[in-house]
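Novice: Fold the following and give me the result.
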Amino acid sequence: MSFSLTAMLLGYFCIFKAHLAQHKFFGYDFHRGAWAEWARVAHAWLGYVVISLSFFQAVVGIAKLNSHKLGERRFRFHGQVGKATMFAGAAVMLLAVKFWAWSMSIKIAVVALVVSAVFIGVSQPRPAPEGERNASLAAKLDHEACEVAKWGSATCASPRGAPWLCATAAVAGGDLTASRRSR
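Specialist: Okay, the predicted model is just below:
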């Protein structure tokens, strides 16, 4: 993600530098006092939305990673916002293809690459971490606290002295016997 943000910022810096001499920003020509064609305006404004979403995703992604390290599952919307960001980024590129003065073969190649990249990015689900694939409900609540003996029952030995973890698992659907680990 950090590479993507860096590349995006470098790209935006180059765009800003190129438009600075012409005084064209946001799809508006400040010299002539006129808006550009609709595709350029949409490209510019949607581009700013994509930049904003990318920064949002970076911040939320770091927070999500930190929550996973603590054993929490938070920010579940992160993946959906990421897919929306990819679609919006593709729309920005496709709008640009409309007005760039490239040959038709280059335009076709860019469209094919953009569509392929987005398809791959949004269609491939991320696999669950190995420890969560076949874990039961009790194991998901606290891998260290509960040792699942069979479906619906387990012996809880909480190393952190947290018998409520097994009680929570019992309420959620298992018949768990809480016992403290002998020290």
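
Novice: which stretches of the protein have low pLDDT?
Specialist: Scanning the chain for pLDDT under 70 picks out the ranges 127-183.

Novice: if we go to 50?
Specialist: 133-183 (pLDDT under 50).

Novice: Would you map the strands across it?
Specialist: Secondary structure of the chain (DSSP state E): strands at 24-25, 28-29, 34-35, 146-150, 153-156, 175-178.

Novice: other SSEs contacting the second one?
Specialist: Yep, that's strand 28-29 we're talking about. strand 34-35 (3 or more C-beta pairs under 8 Å, 6 or more residues apart in numbering; DSSP states H and E). Every residue, glycine included, has its C-beta placed from N, CA and C.

Novice: Name the strands paired with the strand it packs on and say parallel or antiparallel.
Specialist: Strand 34-35 has its sheet partners listed here by DSSP bridges as strand 28-29 (antiparallel).

Novice: Just the residues contacting the partner strand, thanks.
Specialist: Contact with strand 28-29 is made by 22-23, 34-36, 41, as judged by C-beta atoms under 8 Å, 6 or more residues apart in numbering.

Novice: same thing with stretch 31-49?
Specialist: So stretch 31-49 is contacted by 22-29, 88, 91-92, 95-96, 98-99 (C-beta under 8 Å, 6+ apart).
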